[in-house]
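Participant: Sequence first, then the predicted structure:
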Amino acid sequence: MSIIKADNLNYDYLEYGEDGEKPEITHAVKDVNLKIREGQFIAILGHNGSGKSTLAKHMNALLIPTGGTMWVDQMDTHADDEVWDIRQRAGMVFQNPDNQIVSSVVEEDVGFGPENLGVPTDEIWKRVDDSLRKTGMIAYRSHSPNKLSGGQKQRVAIAGVMAMKPKCIIMDEPTAMLDPNGRHEVIQAVRDLNKSEGVTVILITHYMEEVIYADNVFVMDEGRLVMQGTPREIFSRVDELHKLRLDVPHVTQLAHALRLKGLDIPEGILSIDEFVNAIMKIRDGETASDGKGQGERTCQSD
Ligand code: ADP
Ligand code: MG
């Protein structure tokens, strides 16, 4: 069953100028159809301005479609009386951790969401404890969030969303402002939540290395959903991705370049291990044919 479903989703931003008469219209999302099943880890890729954030904001009713329908856990986001239910099912984490801190103590910050939902005090503390443990931040419960690193702040923000017990967590470039360590901490925490808690994760990111963990990848361009598939399927389409001004993981790019040079290496290599295995296989093949006295080379020179 889908936790998120978009049917011909469209969204237009209207901007009124000084004269207040004719608004300028931006078609930010165009005819998007998608389904996300409960428990999936989804990555969304796309160049700047391709509509990723606009799409993501529909997934917890921060924006309501100007055309078509968005379903969140079977609820139509057009229904005013379900907005709070929807926001509880689908929590959102944004790019800048500083904008998401509401309290001067970590545990109070994490308890803020469930308190707003009217959760009884005992239960709030249980959830705070649990969420901080799951994001690896329990040792910082009485610290001031302002003194934490970017990666730690984002993990507190994720714990805050988790404490509301959402079925789904939507993250809009949560690692964009972090250093490599911070990025690693956050992605690890999110993968754990997905694997061990079964929370559906929707991750918007510019970092291709974060995408390889996804079950499914959606690629946006100019408001449209232009590709979807597993990371391997998506990253096998290197040239198309380049046309959309998107990169692929470094190791995928290297394998692709070698393939263009004539090496018999598969497309869609996602990790260094896969790369090494593919190279070893080619080497073993060469050794075997060398044994027959032929020594045929698969790699052509320029
Ligand atoms: P992305 O997250 O992929 O960078 P966005 O969803 O932020 O893309 O933006 C999609 C399009 O909508 C862009 O053309 C952007 O300029 C426009 N847009 C985004 N937010 C607003 C807004 N608040 N008002 C008007 N236009 C906007
Ligand atoms: Mg964005």
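Facilitator: Cool, got the structure. The structure displayed is predicted, hence computed values, not measured ones. Ligands and ions are numbered 1, 2, ... in the order given.

Participant: Which strands or helices does the longest helix seen in the chain pack on?
Facilitator: Determined from DSSP state H, the single longest helix within the chain is helix 272-291. Packing partners of helix 272-291 (3 or more CB pairs under 8 Å, 6 or more residues apart in numbering; DSSP states H and E): helix 250-260. C-beta: built from backbone N, CA, C; applies to glycine.

Participant: Tell me how many other residues crowd the residue in the stretch 101-250 of the chain positioned nearest to ligand 1.
Facilitator: Nearest residue of the stretch 101-250 of the chain to ligand 1, counting by CB to the nearest ligand atom: Met220, 6.2 Å away. Look at Met220: counted by other CB atoms under 10 Å, it has 25 neighbours.

Participant: Kindly report the same for Pro266.
Facilitator: Counted with other CB under 10 Å, residues neighbouring Pro266 total 12.

Participant: Could you list the residues of the protein in contact with ligand 1?
Facilitator: Residues of the chain lying near ligand 1 by CB under 6 Å from any ligand atom: Tyr13, Glu15, Thr26, Ala28, Gly46, Asn48, Gly49, Ser50, Gly51, Lys52, Ser53, Thr54.

Participant: make it 5 Å
Facilitator: Along the chain, the residues adjacent to ligand 1 under the rule CB under 5 Å from any ligand atom are Tyr13, Thr26, Ala28, Asn48, Gly49, Ser50, Gly51, Lys52, Ser53, Thr54.

Participant: And the fifth one, its phi and psi?
Facilitator: What that stands for is Gly49. Gly49 has phi and psi values of phi 80, psi 10 when expressed as degrees, to the nearest 10.

Participant: ok, back up a step: mind giving me the PyMOL command for buried ones among the residues of the chain next to ligand 1?
Facilitator: Applying 16 or more other CB atoms under 10 Å to these, the buried members can be selected in PyMOL as follows:
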select buried, resi 28+50+51+52+53+54
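
Participant: Just the ones in strands from the residues of the chain next to ligand 1, please.
Facilitator: Assigned to strands by DSSP state E, the following of the residues of the chain next to ligand 1 qualify: Tyr13, Thr26, Ala28.

Participant: which residues does the second one bridge with?
Facilitator: Thr26 has the following beta-bridge partners by DSSP bridges: Tyr13.
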